[in-house]
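In: My questions are about this predicted structure, shown below with the sequence.
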2 protein chains.
Amino acid sequence: MAVQQPARRPGGRTARVRAAVHQVVLDLLAEEGWSDLSIALVAERSGVHQTTIYRRWGTVQALIDDVITERLTRLSPVPDTGTLRGDLEEYAVRLAEDVAGARGALFLRAAMLGTHAGAAPDVPPGATSGAEGPAHVYMLDRGVQLQAMLDRAAGRGESPPTLLELLEVVQAPLYFHAAFFNRPVGADHARALVDRLLSLPRA
Amino acid sequence: MAVQQPARRPGGRTARVRAAVHQVVLDLLAEEGWSDLSIALVAERSGVHQTTIYRRWGTVQALIDDVITERLTRLSPVPDTGTLRGDLEEYAVRLAEDVAGARGALFLRAAMLGTHAGAAPDVPPGATSGAEGPAHVYMLDRGVQLQAMLDRAAGRGESPPTLLELLEVVQAPLYFHAAFFNRPVGADHARALVDRLLSLPRA
DNA sequence: ACCTTAAAGCAAGAAATTTTGCATTAGGGT
DNA sequence: ACCCTAATGCAAAATTTCTTGCTTTAAGGT
């Protein structure tokens, strides 16, 4: 028989506590700002004891990272409209919206910091593996999904750009706007980026 | 006669203290990581008393921001090679180098966080003015410099891209690579971005 | 050289943040 | 239903972070 695992219990109360804490973190990120987010505050608002938060997440950074990762991962799936341009435009416009609001910028900043140097002391699940983690986990997942979207287009006989081109021409500018300027990016501009992408010289 | 100013004294010792602190922050950012940077540590290493750091900068964030801003501002000036392509390529390659190294990524992250919600309690100079500061100060300065570079090209009869295009097509991707993937960006790739920029349809 | 006082140093204390040992609650398997 | 124990709650203590009042040092002007 296999080695007896410590028998985790992710259900019931644990799940509720997790949800409550996550919710409060999201609220606080949105309303307060960024630096006013302390474990003490989250504990008070959520009714979850400080000790629990310290034991489960360890640091504010790890907590934020957990929240952000879940949030980003559960973001609306990549579109499948039937045409390459349709998919790209929907993706770009949605990304622009997500990332534009005051909330989006916060998420971006948080994501940028996340999952790097210090991992939580107690939580093995998403533990940072290597020293120089190549990227934020979210990016990898999303990359795979986007590649699938491009592959679908190729399967239909269209000639899609590469994933790198998509990231560089559409995603990077949107992130850039959100991160360094607080100005929102309109749907029209997002579509202009897609135009630019589609008019790149095909390899 | 004018109102008697408090008569600042930025010289001598003050300057030395500032330099010492800045140097230590740079070292710590480079060697340790990001989260291990505490005022206590900076004080100990620099030989400057904690109290001084608290009074001059107030928070770690403000301190980092000050260091980063100075560092970025003093970055090599925008090039002036005599041709648009030359300027752009030199700029792109240098930016890629600056931003690529382990240090560059840290700077980027720090800059991204900097100058937003909480300003230092005691330091009027670079105080965050509005509620929703449009961008990092550095970005504005650099934007002006880059615009001048583009204007020079226009003055020579070349037809340069807009500043927005330059930022979106060259700068954003470079930042994106540095921020979300730790992979360095080679000079060749940087130049490819310039090619892409220059082959955009002219307005 | 000699004042004046901004800026830095120092030490004590206040206020947070984080840890720890034990009691209590409630999953989840039998 | 019952048991075992992971997960949480609780309170006290340890630790770190930040503030405050006062003293000392040294710019920078005369």
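Out: Looks like it came in fine.

In: Can you tell me the element residue A:48 falls in?
Out: Residue A:48 is part of no helix or strand when elements are defined by DSSP states H and E.

In: middle-most residue in chain A, spatially?
Out: Nearest residue to the geometric centre of chain A (Cα atoms, centre = their mean): residue A:72, 2.8 Å.

In: backbone phi and psi for it, please?
Out: The phi/psi pair for residue A:72 (degrees, to the nearest 10) reads phi -70, psi -40.

In: correct me, but it touches residue A:110?
Out: No: between residue A:72 and residue A:110 there is no contact under Cβ atoms under 8 Å: 9.6 Å. Bear in mind the C-beta positions are built from the backbone N, C-alpha and C, glycine included.

In: just checking, residue A:107 touches residue A:68?
Out: Yes: counting by Cβ under 8 Å, residue A:68 is a contact partner of residue A:107 at 5.8 Å.

In: What is the helix or strand of chain A with the lowest mean pLDDT packed up against?
Out: Least confident helix or strand, chain A: helix A:102-113 with a mean of 72, by mean pLDDT, DSSP states H and E. For helix A:102-113, the elements it packs on are helix A:12-31, helix A:60-73, helix A:84-100, helix A:172-180, helix B:102-113, judged by 3 or more Cβ pairs under 8 Å, 6 or more residues apart in numbering or on different chains; DSSP states H and E.

In: what is the orientation angle of the longest one with helix A:102-113?
Out: Think helix A:12-31. Counting by axes from the mean of the first three to the mean of the last three Cα atoms, to 10 degrees, helix A:12-31 lies at 110 degrees to helix A:102-113.

In: Now do the buried residues in helix A:12-31.
Out: Residues of helix A:12-31 classed as buried by neighbour count (16 or more other Cβ atoms under 10 Å in any protein chain shown): A:17, A:18, A:21, A:22, A:24, A:25, A:26, A:28, A:29.

In: C-terminal to it, which secondary structure element comes first?
Out: helix A:39-46.

In: what does that following helix contact?
Out: A:17, A:20-21, A:23-25, A:27-28, A:48-50, A:52-54, A:57, A:59-60, A:63 (Cβ atoms under 8 Å, 6 or more residues apart in numbering or on different chains).

In: Mind checking if it is in reach of DNA strand C?
Out: Yes: shown here: helix A:39-46 in contact with DNA strand C (Cβ under 7 Å from any atom of the strand) through A:39, A:40, A:41.

In: Between helix A:60-73 and that helix, find me the angle.
Out: Using the same axes, to 10 degrees, helix A:39-46 lies at 50 degrees relative to helix A:60-73.

In: any idea of the mean pLDDT for the helix or strand just after helix A:39-46?
Out: Next helix or strand after helix A:39-46 toward the C-terminus (DSSP H and E): helix A:50-56. For helix A:50-56, mean pLDDT is 97.

In: Give me the helices and strands touching helix A:50-56, please.
Out: Checking 3+ Cβ pairs under 8 Å, 6+ apart, helix A:50-56 ends up next to helix A:12-31, helix A:39-46.

In: Show me what the longest one is in contact with.
Out: The set of residues that contact helix A:12-31 without belonging to it, under Cβ under 8 Å, 6+ apart, is A:36-37, A:41-42, A:45-48, A:52-53, A:56, A:63-64, A:66-67, A:70-71, A:102-103, A:106-107, A:110.
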